[in-house]
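Asks: build me a model from this:
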Amino acid sequence: MSGSVARSASQWLLLLAFTLTAGPAGSGMFAVALGATAPAVALLELALRPLMQSLHYRPAFRVFLGLRLVAMGIFLSGCVAAGLLLEGPWRRVLVSVALMKVADSVLDIYTARALVECRINLAAGSAWINALLSSAGSLTVIALGYPAELAVIASAATSLVVAVYMATRGSVDALQHDKQGQVRAARTLVMHGFPLAAAQAVVSLVAYAPVLILSANDHLEAAGIYATVQYFVTFANLYFMASQQAVLGKVRHRVLAAISSGATPNFMPYWLTMLAPALAAFPVLGISLQPLVALIYGPSFDTGALVPWIVACTIVGLAIENCIILALLAMNRYSTQWISAVACLPAMALVAICLVPINALVGASAMTAAAILTRCLVLVAILIPNLRENEKRVS
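Replies: Alright, predicted model coming up:
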């Protein structure tokens with residue numbers, strides 16, 4: 001998880017590079033390029049990483065790698081073709097982001113192999129090296145005043161270098177397939193991976209929908225300010241996810257013990273590890289977010305008085321959401337991500353129609369808050385019947 005935090009910090013530096021070189025419009029272009037490419041990458045990746053880590057019968061690694069390379073070839077070709085239809089600055093940003101996405105995706109499949117082989121130090125160390133090298137490239141570009149796209153290309157190059165290193169450190173496939181066997185294995189992976197990849201694509205679309213809507217309505221500067229503010233939400237979510245993963249095993253054992261004894265599982269001690277920091281941060285963010293954003297990015301990044309409080313509410317909502325997901329995961333209810341993600345779309349669309357034309361930045365922030373609130377309500381509606389089902393199962 002520390003590697004994921006480091007990687008997120010390095011990508012924040014990329015956003016900062018665009019901000020410092022081109023202001024809110026520059027960070028908006030970068031955010032739009034990320035938002036346009038993320039759902040496509042999530043779908044084309046076919047969820048191969050979780051498949052590699054969870055399938056009982058696992059095909060040879062070369063089948064996973066072949067599918068990933070073909071998918072990323074299709075993705076890169078599509079982005080280059082789209083870039084030819086765009087103006088100069090947009091073309092450079094889109095192609096550089098596409099190169100970064102491809103490199104990160106290739107590295108991701110080698111990281112999955114390292115985790116399957118229980119080489120945790122290799123996976124974590126590679127993530128840290130990649131983040132540090134990418135950060136060094138971004139800081140160099142910022143210091144020398146070069147175009148921000150060079151920082152993105154440098155990030156792509158570091159991911160490829162680390163991927164090549166990991167390729168030399170992996171074990172040789174013990175499982176061998178003939179050509180027909182490889183085709184059957186690839187078909188099996190596509191069949192299992194597509195539904196999960198589609199769910200991840202929807203989740204990614206929900207995350208980036210505000211940026212895309214702002215851009216479509218010619219609010220590029222508002223999209224840039226929104227993207228910078230949302231990194232506070234991103235880092236908060238990383239903390240909640242880390243807290244969730246740290247206690248998931250213990251919570252699972254508690255659920256099993258409660259079921260065997262006929263009691264209702266008590267999740268509150270674990271929920272407090274996420275709820276308490278979120279509630280404590282609520283007034284701090286509401287009061288200090290605007291001056292903090294202006295201090296980091298400059299006076300042109302004006303969030304207004306309302307947006308910081310919406311962001312603070314969003315972070316509290318994220319804490320509640322992760323608490324409920326923790327309980328559902330402990331009870332092996334895995335379909336909740338897909339159901340709750342789809343449920344967000346109408347709520348976000350309604351907020352976008354009502355608020356974005358009035359105040360673009362407030363509307364985009366409210367879209368995210370509405371999505372989180374909707375997910376919480378849907379997850380609660382799923383959790384309560386499952387708790388009752390466990391009680392009936394025992395009785």
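
Asks: okay, now the unreliable bits of this protein?
Replies: Flagging of the chain using pLDDT under 70 yields the residue ranges 1-6, 53-56, 170-179, 245-246, 248-249, 255-265, 332-337, 389-395.

Asks: care to break it down by domain?
Replies: Domains of the chain are assigned by automatic domain parsing as 2-216, 222-394.

Asks: could I get those domains as a markdown table with mean neighbour count?
Replies: Just so you know, the C-beta spots here come from the backbone N, C-alpha and C atoms, and that holds for glycine as well. What follows is those, written out as a markdown table (neighbours: other Cβ atoms under 10 Å):
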| stretch | mean neighbour count |
| --- | --- |
| domain 2-216 | 19 |
| domain 222-394 | 18 |
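
Asks: for Cys79, what are its contacts?
Replies: 37, 94-95, 97-98 (Cβ atoms under 8 Å, 6 or more residues apart in numbering).

Asks: how about Leu94, what does it touch?
Replies: Taking Cβ under 8 Å, 6+ apart as the test, what Leu94 contacts is 33, 36-37, 79, 82-83, 86.

Asks: quick one: which of those residues sit in helices?
Replies: 33, 36-37, 79, 82-83 (DSSP state H).

Asks: what ranges do the helices span in the protein?
Replies: Listed in chain order, the helices of the chain (DSSP H) span 2-44, 48-54, 61-84, 88-116, 120-144, 148-169, 179-216, 220-261, 268-297, 307-330, 336-355, 360-394.

Asks: quick revisit: would TSV of the ones in helices among the contacts of Leu94 with distance to Val293 be doable?
Replies: Shown next, in TSV, are the ones in helices among the contacts of Leu94 (distance: Cβ to Cβ, whole Å):
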residue	distance to Val293
Ala33	21
Ala36	24
Thr37	25
Cys79	30
Ala82	31
Gly83	31
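
Asks: how about the contacts made by Leu328?
Replies: Counting by Cβ under 8 Å, 6+ apart, Leu328 touches 336, 379, 382-383, 386.

Asks: so what's the residue most central in space within the chain up against?
Replies: The centre of the chain sits closest to Ser204, judged by Cα atoms, centre = their mean, with a distance of 6.9 Å. Residues near Ser204 by Cβ under 8 Å, 6+ apart: 38-39, 41-42.

Asks: just to revisit the earlier point, from the contacts of Cys79, pick the one nearest Leu355.
Replies: Nearest to Leu355 among the contacts of Cys79 is Thr37, at 26.2 Å by Cβ to Cβ.

Asks: what distance do you get for the residue nearest to the centre of the chain to Arg92?
Replies: From Ser204 across to Arg92, the span is 23 Å (Cβ to Cβ, to the nearest Å).

Asks: next up, the contacts around the residue lying closest to Leu373 once chain neighbours are set aside.
Replies: Excluding the flanking residues, the one nearest Leu373 by Cβ to Cβ, 6 or more residues apart in numbering is Gly317, at 5.7 Å. Gly317 makes contact with 369, 372-373, 375-376, according to Cβ under 8 Å, 6+ apart.

Asks: fine by me, we can end here.
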